[in-house]
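1. sequence unknown, structure follows:
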């Protein structure tokens, strides 16, 4: 984690006779006693040198830069604009950057995503006001949390905080490469992701060895089997069958060497869960193709 101070430090705060932090006194252009008035605190969010703005993100898009832009007013009424970039590595692992603050008021902030096209569900980020920058830091204000997208930044104070798995996910295609001969297919949900299965497709080409193969599909969590379904059509030697996985209940049909194996609607797979085939009488020269899935994906904190 990197920590960046505000480029223009604010002055020491004004205090009253009791030593309390007071709002600034602003002079109108032209001067004179008649041109002087006091402005009440512009926001209730007062900052001190012990405070830090912390940016966190979990991102899946290469080439993305998140830039936090904030406006502060120091105790003398002068407004400062600052920018804090975070160049993301697209690892779906948490990345952070922080900015040390000074005496003053936080007026507003916005965080946008540039450098690549970012859609909802691909980059989850947030801004917090914290004390300290170590593992023992304490959060005091959650300012903006959600999915910044291209042309739609997160902002404060107008932001409505969201959870990372709230709202619409990002529709994407996931392709698992073909395994070796005689091996079943296996897909593991990547770390930092949550999937909702939308569709699937794979092929099995059987060798000349005589046997009756049945394609089973399992969903496994860390403890064992969550779901197990089997296609109803037997596959003999020297054939290529396509297995299509639609979402939702319905008849599991077979036509033109294509079989349907239905999965429940809204089937959610957490990070580390597995989707695999388990083929009855699979022979050593039988070959599965690549497995193509259509999923909705969220960044999982």
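-> That came through, no problem. Since we're looking at a predicted model, the values are computed, not measured. Numbers count the residues shown, from 1 in each chain.

2. got any ranges where this structure has weak pLDDT?
-> Within the chain, the ranges that satisfy pLDDT under 70 run 1-40, 132-136, 249-251.

3. After the lengthiest strand in it, which helix or strand is next?
-> Counting residues, the longest strand in the chain under DSSP state E turns out to be strand 193-205. Once strand 193-205 ends, the next helix or strand along the chain (criterion: DSSP states H and E) is strand 214-220.

4. Name the surrounding residues that touch the helix or strand that that following strand is followed by.
-> Remark: after strand 214-220, the chain's next helix or strand is strand 225-230, criterion DSSP H and E. Contact with strand 225-230 is made by 214-220, 261-264, 267, 273, 278, as judged by CB atoms under 8 Å, 6 or more residues apart in numbering. Using the backbone N, CA and C atoms, a C-beta is placed for each residue, glycine as well.

5. that older thread, in the longest strand of the chain, which of the residues would be classed as buried?
-> 193-198, 200-204 (16 or more other CB atoms under 10 Å).

6. thinking again about what came up before, quick one: the contacts of strand 225-230 as CSV, columns for neighbour count and distance to residue 92 too.
-> Below are the contacts of strand 225-230 laid out as CSV (neighbours: other CB atoms under 10 Å; distance: CB to CB, whole Å):
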residue, neighbour count, distance to residue 92
214, 15, 35
215, 25, 30
216, 15, 30
217, 23, 25
218, 18, 25
219, 19, 21
220, 18, 21
261, 19, 29
262, 17, 30
263, 20, 24
264, 13, 26
267, 18, 21
273, 17, 15
278, 16, 28
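
7. follow-up on the earlier one: can I get the buried residues of strand 193-205 in TSV with distance to residue 59?
-> Putting the buried residues of strand 193-205 into TSV (distance: CB to CB, whole Å) gives the following:
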residue	distance to residue 59
193	12
194	15
195	17
196	20
197	23
198	22
200	26
201	28
202	29
203	34
204	36
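
8. biggest separation within these, which pair?
-> Spatial extent of the buried residues of strand 193-205 (CB to CB) is set by the pair 194 and 204 at 28.5 Å.
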